[in-house]
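In: just coords:
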């Protein structure tokens, strides 16, 4: 099997009039540490036309997310199509619910095109004044994670003290802004001056560059009234820094722990704070909030339109750049939501 | 100031007819690591007779608990009366609610006798068929912690897979037995063969001696169907061992983390499991369960009377032995509930 970003064409002889080809990105091997290009392979496969009750979807934007690193640990994924959600357009339809030209949300992974029986497709309720990118950022799963984590899991109350780690990341930047909208004092951490600048523009009350400052000392200095809610994206020393500053009955919704995805990361030593302060730490996933879905879509659209929520994307061009996009999440080069544009 | 178990008599000249003396144990200094005798001092102080609206209480049993080690970190406690709850008898009363001879629960610390205005006293609703020791073990705060942690915080359901660390300890032994009563499969960990034997007598399904086995491998071997509820008393590698075996939507009520009380203990490296499995870790305290108080007292009395709950105490004799009792909790020599008998 070829490795890296080379293309491996499978079964070219079967290509016919109703047969399309589709490039897809597969996990070639389990990365040792941060992912590198050699951990992925680009494969060209046959994609037949849709049968009755099916639709052929062309990918437009593909979402690239930190959680994908966790799947890379699982040998089940090696050699298989990889990835997660995206937005596409129905190119050929033999399905009554999906007209040709319709925009859909999917979870089909890093593929140029694919055939679906419709069960994993959702028609996009597009707001024509909003760019398509927003559908996989603020209005997509990461928006729901920020909203659900803060308002559902943590039960955020107006005016509380909030700390968000990886605050310039896809979910973190939304969580920080939602907390500001709710009248909270918000401290964010990030790892570069460019991201620090952006977070200041977003109106955060204090911003920490953890690569320039000791995170424990910096969080202590930035949270004179403690922390009621720590929106956790990082783990390790960030969590220890937060634990030391948590107020009684504080809540720590855990959206991710990116510091531990490539290896086990920094260990955590301060968990005994949990008892004395009656803290709760809860891991959650995007699918836990069906009860908040309507409120989320309503609120988030309003906030984007009013400018209360500002989004930023790091967009890679072409499915060949999926490995670069994945790598950029872990080397800190991405700001905001990372995605790959496959077609316009 | 004298150190160790020597007695320091304060103001002996003021002792009069209505004046009693009382020995009390104070924290002499912040222990460096596990507590030693030199970290405490025994002081004799004047204890005046009660004024109108007050009662003089003689201590009978004093509770000795792991949480006390956390207070030893706080410089506020150095040089002050130390300790927690106990059971006493009203010796002289000028308070309408507390007749002489009445048994009371208190939180007055390691003192032979003291005067109270009644606000921190609770009349013991004694079950005459139960020994007084039970009032500060199964029917006291530690019973409430086991009951509230499992049924309140963790929402234990019949038949779930349960792991209890420090299962031969005061709270752990009750939590393990409550889980058995609820039809759960229960695995316990402890640190000596004597404790292992006792836990087997109590009917646990598997018992781990973490000093003889690697805790991570042992927990994995003992939990073929994973863990739904981990009742956490230890922290460190015990928590990592549990995290690896937690089932989706598992709950970890944190009653204590004794491995981290003397120093920071073993760090925890597996917290990223929280997200993929949607786990919750919640620290709690005994005072969080007013809504469960009636059910707790009713259930626990029934269980003790029926033999479904068996209690065991490690009893030290005399207030002079308070330091030895505290030390025994951290060197692993205590089994079940540790207490000091001050008077009969």
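Out: Happy to help now that I have it. Note that the structure is predicted; figures quoted are calculated from it, not measured.

In: so whichever residue of the stretch 101-250 of chain A sits closest to chain B is in which element?
Out: Residue nearest to chain B within the stretch 101-250 of chain A: residue A:235 (6.0 Å; CB to the nearest CB). Placement of C-beta: from N, CA and C, glycine included. Using DSSP states H and E, residue A:235 is not contained in any helix or strand.

In: again with residue A:45
Out: In the assignment (DSSP H and E), residue A:45 maps to strand A:40-48.

In: That strand - what's its average pLDDT?
Out: For strand A:40-48, mean pLDDT is 93.

In: Whatever helix or strand comes next after it pairs with which strands, and in what direction?
Out: On the C-terminal side of strand A:40-48, the closest following helix or strand by DSSP H and E is strand A:55-64. Using DSSP bridges, strand A:55-64 pairs in its sheet with strand A:86-93 (antiparallel), strand A:113-116 (antiparallel), strand A:337-341 (antiparallel).

In: Reformat the ones you listed as CSV; add mean pLDDT and distance to residue B:83.
Out: As requested, these are exported to CSV (pLDDT from 0 to 100; distance: least, CB to CB, whole Å):
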stretch, mean pLDDT, distance to residue B:83
strand A:86-93, 96, 61
strand A:113-116, 95, 67
strand A:337-341, 96, 55
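
In: most neighbours per residue, which of those?
Out: Most buried of the strands paired with strand A:55-64, by mean neighbour count (mean count of other CB atoms under 10 Å in any protein chain shown): strand A:337-341, with a mean of 24.

In: distance between that one and the chain's centre?
Out: 10 Å (CA atoms, centre = their mean, to the nearest Å).

In: contacts for it?
Out: For strand A:337-341, contacts defined as CB atoms under 8 Å, 6 or more residues apart in numbering or on different chains pick out A:60-65, A:110, A:133, A:136-137, A:142, A:170, A:311-319, A:321-322, A:325, A:328-329.

In: Can you say which of those residues are buried?
Out: Among these, those buried by neighbour count (16 or more other CB atoms under 10 Å in any protein chain shown) are A:60-65, A:110, A:133, A:136-137, A:142, A:170, A:311-316, A:319, A:321-322, A:325, A:328-329.

In: Filter those down to the ones in strands?
Out: Secondary structure from DSSP state E places A:60, A:61, A:62, A:63, A:64, A:313, A:314, A:315, A:316 of these in strands.

In: and the first one, what is it in contact with?
Out: Right, the one you point to is residue A:60. Going by CB under 8 Å, 6+ apart, residue A:60 touches A:86, A:87, A:88, A:89, A:103, A:132, A:341, A:342, A:343, A:344.

In: ok, of the residues you listed, which one's closest to residue B:183?
Out: Using CB to CB, residue A:86 comes nearest to residue B:183 of the contacts of residue A:60, at 45.8 Å.

In: Walking through the stretch 51-200 of chain A, point out its strands one by one.
Out: For the stretch 51-200 of chain A, the strands defined by DSSP state E, counting those that start in this stretch cover A:55-64, A:86-93, A:103-106, A:113-116, A:122-123, A:161-164, A:185-190.

In: which bits of chain A sit near chain B?
Out: For chain A, the contact set with chain B under CB under 8 Å from any CB of the partner chain comprises A:67, A:70, A:235, A:239, A:254-257, A:260-261, A:264-265, A:267-285, A:288.

In: What about those, which are in helices?
Out: Members of these lying in helices (criterion: DSSP state H): A:70, A:239, A:273, A:274, A:275, A:276.

In: Got the confidence number for the last one?
Out: We note a pLDDT of 90 for residue A:276 in this prediction.

In: Surely it is in contact with residue B:70?
Out: Yes: at 6.2 Å, residue A:276 counts as touching residue B:70 under the criterion of CB atoms under 8 Å.

In: The two: which has the busier surroundings?
Out: Using other CB atoms under 10 Å in any protein chain shown as the criterion, residue A:276 and residue B:70 rank with residue B:70 on top: 19 against 15.

In: roughly how far apart are that one and chain A?
Out: Residue B:70 sits 6 Å away from chain A, going by CB to the nearest CB, to the nearest Å.

In: give the contact list for that residue.
Out: By CB under 8 Å, 6+ apart, the contact list for residue B:70 reads A:272, A:275, A:276, B:261.

In: Report the central residue of chain A.
Out: Taking CA atoms, centre = their mean, the centroid of chain A lies closest to residue A:65, which sits 4.0 Å from it.

In: count of neighbours near the nearest residue to that one once chain neighbours are set aside?
Out: In space, and not counting its chain neighbours, residue A:65 is closest to residue A:84: 5.9 Å by CB to CB, 6 or more residues apart in numbering or on different chains. Number of residues near residue A:84 (other CB under 10 Å) recorded here: 18.

In: isn't residue A:84 right up against residue A:106?
Out: No: contact criterion CB under 8 Å: residue A:84 and residue A:106 do not qualify, at 9.5 Å.

In: Just give me the neighbour total for the residue lying closest to residue A:179 once chain neighbours are set aside.
Out: Among residues not flanking residue A:179 along the chain, residue A:162 sits closest, at 4.3 Å (CB to CB, 6+ apart). Close neighbours of residue A:162, defined as other CB under 10 Å, add up to 27.

In: Contact partners for residue A:162?
Out: With contact set as CB under 8 Å, 6+ apart, residue A:162 has these partners: A:150, A:156, A:176, A:179, A:184-187, A:227-231.

In: now, which of these sits nearest residue B:31?
Out: Ranking the contacts of residue A:162 by separation from residue B:31, with CB to CB as the measure, puts residue A:227 on top at 28.9 Å.

In: dump the residue contacts of residue A:130.
Out: Contact analysis of residue A:130 by CB under 8 Å, 6+ apart lists A:139, A:301, A:304, A:305.

In: Let me know the distance separating it from residue B:279.
Out: Residue A:130 sits 35 Å away from residue B:279, going by CB to CB, to the nearest Å.

In: how is chain A carved up into domains?
Out: Listed by automatic domain parsing, the domain ranges of chain A are A:4-137+A:312-341, A:141-288.

In: Straight-line length of the last one, end to end?
Out: Using CA to CA, to the nearest Å, the gap from the first to the last residue of domain A:141-288 comes to 11 Å.

In: do the same with stretch A:186-204
Out: End-to-end distance of stretch A:186-204 (CA to CA): 6 Å.

In: what does it contact?
Out: The contact list for stretch A:186-204 (CB under 8 Å, 6+ apart) reads A:162-169, A:172-173, A:176-177, A:179-180, A:205-211, A:215, A:218-219, A:222-223, A:227, A:234, A:238, A:310, A:312, A:332, A:335.

In: Go through the ones in strands among the buried ones among the contacts of strand A:337-341 and say which is closest to residue B:50.
Out: The nearest member of these to residue B:50, counting by CB to CB, is residue A:63 at 71.7 Å.

In: Tell me the residue of the stretch 51-200 of chain A that sits nearest chain B?
Out: residue A:70 (6.2 Å).

In: hey, what's the closest residue to residue A:321 other than its chain neighbours bridged with?
Out: In space, residue A:321 comes closest to residue A:340 once its chain neighbours are excluded; the distance is 5.8 Å by CB to CB, 6+ apart. Note on residue A:340: beta-bridge partners by DSSP bridges are residue A:62, residue A:316.

In: How about residue A:227?
Out: residue A:246.

In: That one: what's it in contact with?
Out: A:161, A:162, A:163, A:187, A:219, A:242, A:245, A:246, A:247, A:250.

In: Let's see that with 10 Å instead.
Out: Listed by CB atoms under 10 Å, 6 or more residues apart in numbering or on different chains, the contact partners of residue A:227 are A:160-163, A:185, A:187, A:219, A:241-247, A:250-252, A:279.

In: Isn't residue A:23 up against residue A:40?
Out: No: Residue A:23 lies out of contact with residue A:40 (CB atoms under 10 Å); the separation is 11.9 Å.
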